[in-house]
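# kindly return the folded structure for what I paste below:
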Amino acid sequence: MFALLTTLTTLPTVVAQAVSTVALVLLGASGVSKLLDPDPTRGAMAAARLPSSRWIARGLGLTEILAAATGFAIGGPWLTLATALYLGFFLFTLSAMTRQLPIQSCGCFGKEDTPPTWLHVVFNGVSVVALGYLLLIDWSAVPWAEPALDVGLYLAFGLAGAYLAYLVLSQLPRTLQMTSNR
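Numbering: from 1, shown residues only. Modelled structure (predicted):
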């Protein structure tokens, strides 16, 4: 079925690559933030009644960095770990939102003031679908075999897209809350 989809059009693959590139950049950045400051992640995990410690949070961060690096460098089956992590994030944020857990930070950006929102749920869900699609068709998030300019554009898009996604996930809810409080 996926072979038929890719024969009919390359659009699903290109969109999945674009979304996956953004997701992998954010995954790596999130891992670095957990290594530097594991406390927001530890707190979020404790609030959700999951096993939590600074070592667990740092281990999660290291796993995120490994998943992002291998997902970028190799793709294909190496996207399994990134897909699984995003599935876990999706389930965590969905649970936090539906149970209305009093979490000050989801722990993804290493800030105390980035609570989970429905935007997180949607972003994580879309990331699961995009990464899972590439995993199923055995493609990479970055088309390394393409000309250097194409690869450079994918990487530039990944960085810019990840920064914009970070702003939307971390700043937009706060901005909307400040506007509604007026």
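
# my read is that H120 contacts S95, right?
No - taking contacts as Cβ atoms under 8 Å, H120 lies outside contact range of S95: 11.5 Å. For the C-beta atoms, the positions are set from N, CA and C on the backbone; glycine is no exception.

# higher neighbour count, those two?
H120 (24 against 14; other Cβ atoms under 10 Å).

# could you give the average pLDDT over the helix or strand harbouring that one?
Using DSSP states H and E, the secondary-structure element containing H120 is helix 118-137. In this model, helix 118-137 has an average pLDDT of 93.

# next SSE downstream of that helix?
Criterion used, DSSP H and E; the element after helix 118-137 is helix 148-170.

# and for the helix or strand A84 falls within, what are the contacting residues?
Using DSSP H and E, A84 falls within helix 80-98. Contacts to helix 80-98, defined as Cβ atoms under 8 Å, 6 or more residues apart in numbering, come from residues 20, 23-24, 27, 44, 47-48, 63-64, 66-68, 70-71, 101, 103, 106, 108, 116-118, 120-121, 124-125, 127-128, 131-132, 135.

# stretch 37-44: which residues count as buried?
D37, P38, P40, T41, R42, G43, A44 (16 or more other Cβ atoms under 10 Å).

# and stretch 117-124, by the same measure?
Result for stretch 117-124 [16+ other Cβ under 10 Å]: buried residues T117, L119, H120, V121, F123, N124.

# list the helices and strands whichever helix in the chain runs longest packs on?
For the chain, the longest helix by residue count, based on DSSP state H, is helix 11-36. The helices and strands touching helix 11-36, judged by 3 or more Cβ pairs under 8 Å, 6 or more residues apart in numbering; DSSP states H and E, are helix 2-8, helix 54-73, helix 80-98, helix 118-137, helix 148-170.
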